[in-house]
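# Provided below are the primary sequence and the corresponding predicted coordinates.
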Amino acid sequence: MSATNKTGGFSEAEKQAMRERAAELKAEKGGKKKAEMEKAALDAIAAMPDEDRLIAERIHALVLERAPDLTARTWYGMPAYANGDGKVVCFFQAKSKFDSRYATFGFNDVANLDDGPMWPVTYAITEWTPEVEKQVASLIEQAVS
């Protein structure tokens, strides 16, 4: 998908993501509690279409199991998981968010995925399989190691 709409500006989905992020930043400054942040992430997952929700639910469960020190929250309206400093380590983006061909699971620079001078930080997920689950679990564990 193009970063701009037909008139050269941001698409409605991109504008909505920016509004969601602004609201998240405002809530953080107001001292939003951990339980409220997790509820927002779970609400974002629950609002997803079935195909995206299945993947997001499995990722959420794996993060809770494999990286219990991370805190669930939303980031640009999507579920994300932050470290003790509040920095997002990993995040899920539903394919429905920007009408994409696939959902993605990604990592920010605080994740410990370094592997030489170049490594992947975002992964496309088209379906949830046992192999995908194993790879995602391994990536989560490595990210917080």
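Thanks, I have the structure now.
# Please make it C-alpha for all contacts and neighbour counts, starting now.
Noted.
# Show me the helices in this structure, by range?
In chain order, the chain shows helices spanning 12-29, 34-46, 50-66, 130-143, with DSSP state H as the criterion.
# For the most centrally placed residue in the chain, give its distance to Tyr76.
Against the mean C-alpha coordinate of the chain, by Cα atoms, centre = their mean, the closest residue is Phe91 at 2.0 Å. Noted for Phe91: a distance of 10 Å to Tyr76, by Cα to Cα, to the nearest Å.
# for Glu38, same thing?
With distances defined as Cα to Cα, the gap from Glu38 to Tyr76 amounts to 14 Å.
# If you tally nearby residues, what's the number for Val89?
Applying other Cα atoms under 10 Å, we find 21 other residues in the vicinity of Val89.
# And it, what's its pLDDT?
With respect to pLDDT, Val89 has a value of 98.
# For it, which residues are in contact?
With contacts defined as Cα atoms under 8 Å, 6 or more residues apart in numbering, Val89 is in contact with Ala80, Tyr81, Ala82, Asn83, Phe107, Asn108, Asp109, Val110, Ala111, Ala143, Val144.
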